[in-house]
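Student: what's the 3D shape of this:
(one chain, ligands or ions: 1)
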Amino acid sequence: VIVGANGIGTPRLLLMSASERFQNGLANSSGLVGKRLMLHPHGSSAGIFDDDLEDWVGPAGEQLVSLQFYETDKSRGFVRGCKWILMCTGGPQQMVERWDKGEGTRDEPFWGTEFTRKMQDSIGHMMEWQIINEDLPEETNYVSLDPTLTDSDGLPAPKIHYRTSENTRLMLDFHLQRSLESLREAGAKKAWITRRRVSSGHNLGTCKMGNDPETSVVNRWGQAHDVPNLYLIDGSVFTTSTGVNPTATICALAKRTATYIADNARQLEVAS
Ligand SMILES: Cc1cc2nc3c(=O)[nH]c(=O)nc-3n(C[C@H](O)[C@H](O)[C@H](O)COP(=O)(O)OP(=O)(O)OC[C@H]3O[C@@H](n4cnc5c(N)ncnc54)[C@H](O)[C@@H]3O)c2cc1C
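Tutor: Okay, the predicted model is just below:
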C-alpha cells in the first residue's frame, strides 16, 4: 500500500485507520504521526521602477533565485534562513492584491482616479521578492482528527494545530527588511511588504523519516517501521522543511521508494 495524500491527508488517513492492533492510529507506535507540521510561512515585498521591465515576457515563474541569507547566522537572532524568488507580478487583478493588502499601502486611497494611476504606475513596472521561510519541526504544531467536523462521507476532518514560532517570525521579518533594501538599492521608487502568510501550500514533516522506530514513522525507503507493506511518498516524511520549495524533493523520494519496492518486490514482507 503506497500512500501519497500530502502532509495533512496522509496523517489523517493513518490516524483514521486506528484498530484494536493499532490503537493510536496506523504506524504510530512512535506517537509522531501528525506531529512536527511545517508549513513554510512566507512573505513577499514589491518595488515599483520607472523602467519598463517587460515582466510579461517569458514564462511566469522564478526569474531569479537567491540563497544569500539562507545559512544560519546567530547574530541575526534566529536560526536557519530563507530562499528568495524574484517573480513578475502580472496584470490588474494581481496588482489589486499587492496594493489593497500591502503593508502601508492598504490605507492609501485606492479606487477612482487613484486606481488608474496606481495601475499605470505598476503594471509592467513592478518586481516582487517571494520569501520562503524554513519552518522548524516542532511537536506542538500538528494534525489531529477533528472531534466533530466530518467530510461528505462522514469521516473526521483533519484539525490543524499551528502557531508561527518566534524563530520563524524573526526570520521572516529579517528577510523581508533585507528584500526591501535590495529593491530600493536596485532603484525602486517605492517598495513595500505585499504579503505575510501562515502557509505557502507546503505541508511537511507529519510522518518523520528516520532509522529509529521510536523517533520516526518511516525508514529511509518511506516504509512504515510498524507496517512493512505500507509506504509513504509525500512531504509528510520530511525530517526538516528546508527553506526551498519541496516538490522536486518529494518526487525524488517517491522515485527512490518506487525503485526500492521494484528491486525488492520478491522479498517484500506482507503483514499478516
Ligand atoms: C498555491 C500553491 C503553489 C505551490 N507552488 C509550488 C512551487 O512553486 N514549487 C513547489 O515545489 N511546490 C509548490 N507547491 C506545493 C506542491 O503543490 C506540493 O508539494 C505537491 O502538490 C505535493 O505533491 P503530493 O503528490 O505529495 O500531494 P498532492 O499534490 O496534494 O496530492 C495528494 C492527493 O491525495 C488526495 N487525497 C488526500 N486525502 C485523500 C483521501 N483520504 N482519499 C483519497 N485521496 C486523498 C488529494 O485529493 C490529492 O489529489 C504549491 C502548492 C500550492 C497550494
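Student: Going by neighbour count, list what's buried in stretch 225-238.
Tutor: 225, 226, 227, 230, 231, 232, 233, 234, 235, 236, 237, 238 (16 or more other Cβ atoms under 10 Å). Using the backbone N, CA and C atoms, a C-beta is placed for each residue, glycine as well.
Student: Please list the residues of this protein that sit near the ligand.
Tutor: Counting by Cβ under 6 Å from any ligand atom, the positions of the chain adjacent to the ligand are 4-6, 9, 13, 201-202, 234-235, 245-247, 250.
Student: Now with 8 Å, please.
Tutor: Within the chain, the positions adjacent to the ligand are 4-10, 12-13, 61-62, 155, 200-203, 233-235, 244-248, 250, 254 by Cβ under 8 Å from any ligand atom.
Student: what does the helix or strand harbouring residue 65 rub up against?
Tutor: Using DSSP states H and E, residue 65 maps to strand 64-66. Contact with strand 64-66 is made by 83, 84, 85, 86, as judged by Cβ atoms under 8 Å, 6 or more residues apart in numbering.
Student: Tell me how far that strand lies from the chain's centre.
Tutor: 17 Å (Cα atoms, centre = their mean, to the nearest Å).
Student: again, but for stretch 141-156
Tutor: Per Cα atoms, centre = their mean, the centroid offset for stretch 141-156 relative to its chain is 22 Å.
Student: so what's the residue of the stretch 51-200 of the chain found nearest the ligand scoring on pLDDT?
Tutor: Closest residue of the stretch 51-200 of the chain to the ligand, Cβ to the nearest ligand atom: residue 200 (6.8 Å). Note on residue 200: pLDDT of 84.
Student: Could you number the chain from 49 rather than 1 from now on?
Tutor: Got it, the first residue is 49 from now on, which makes the last one we talked about residue 248.
Student: What part of the chain, helix or strand, is modelled with the least confidence?
Tutor: Lowest by mean pLDDT, DSSP states H and E among the helices and strands of the chain is helix 140-149, with a mean of 89.
Student: Can you spell out which helices and strands pack onto that helix?
Tutor: In this structure, helix 140-149 packs against helix 161-170, strand 174-181, strand 238-245, with contacts taken as 3 or more Cβ pairs under 8 Å, 6 or more residues apart in numbering; DSSP states H and E.
Student: 6 Å - rerun?
Tutor: helix 161-170 (3 or more Cβ pairs under 6 Å, 6 or more residues apart in numbering; DSSP states H and E).
Student: if I look at the closest residue to the ligand within the chain, how far off is residue 289?
Tutor: Across the chain, no residue is closer to the ligand than residue 249, which sits at 2.5 Å (Cβ to the nearest ligand atom). Distance check for residue 249 against residue 289: by Cβ to Cβ, to the nearest Å, it reads 13 Å.
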